[in-house]
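# take this sequence and fold it.
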Amino acid sequence: MNTYLWKLSKEKLKTTNLYLYSNFIRKNFSIETNGDFNKLWEWSVKNPQDFWKSIWDFSKVKGRIGKITLKKSKCNWV
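You can find the predicted model right below:
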């Protein structure tokens, strides 16, 4: 069923941060999402270090990133 209560226009979608970030990932990490943001989510879960580095770069954080992008927890309950 393709009935929507509300849908963002393609022109408006192209101005969202999620769309812009998706293009950033495509250009910098060769990840093609084709507008499917679930693919972007899957990539972020499978590649957490690349994901957090990409967030740093995309958002242009001012500061030093340091040598450790992501430190894994020793917790085994997950």
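
# now the helices for the chain?
10-13, 17-29, 37-46, 48-59 (DSSP state H).

# how about the ones you listed in JSON lines, adding mean neighbour count?
All C-beta atoms are positioned from the backbone trio N, CA, C, and that covers glycine. Shown next, in JSON lines, are the helices of the chain (neighbours: other CB atoms under 10 Å):
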{"stretch": "helix 10-13", "mean neighbour count": "10"}
{"stretch": "helix 17-29", "mean neighbour count": "14"}
{"stretch": "helix 37-46", "mean neighbour count": "13"}
{"stretch": "helix 48-59", "mean neighbour count": "14"}
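
# for these, which one sits closest to residue 3?
helix 10-13 (18.5 Å; CB to CB).

# report the mean per-residue pLDDT for that closest one.
For helix 10-13, mean pLDDT rounds to 90.

# list the residues that contact residue 13.
Residue 13 sits next to residue 19 when contact means CB atoms under 8 Å, 6 or more residues apart in numbering.

# cutoff 10 Å now
Each residue near residue 13 by CB atoms under 10 Å, 6 or more residues apart in numbering is listed here: 7, 19, 35.

# pick out whichever of those sits closest to residue 66.
residue 19 (29.3 Å).
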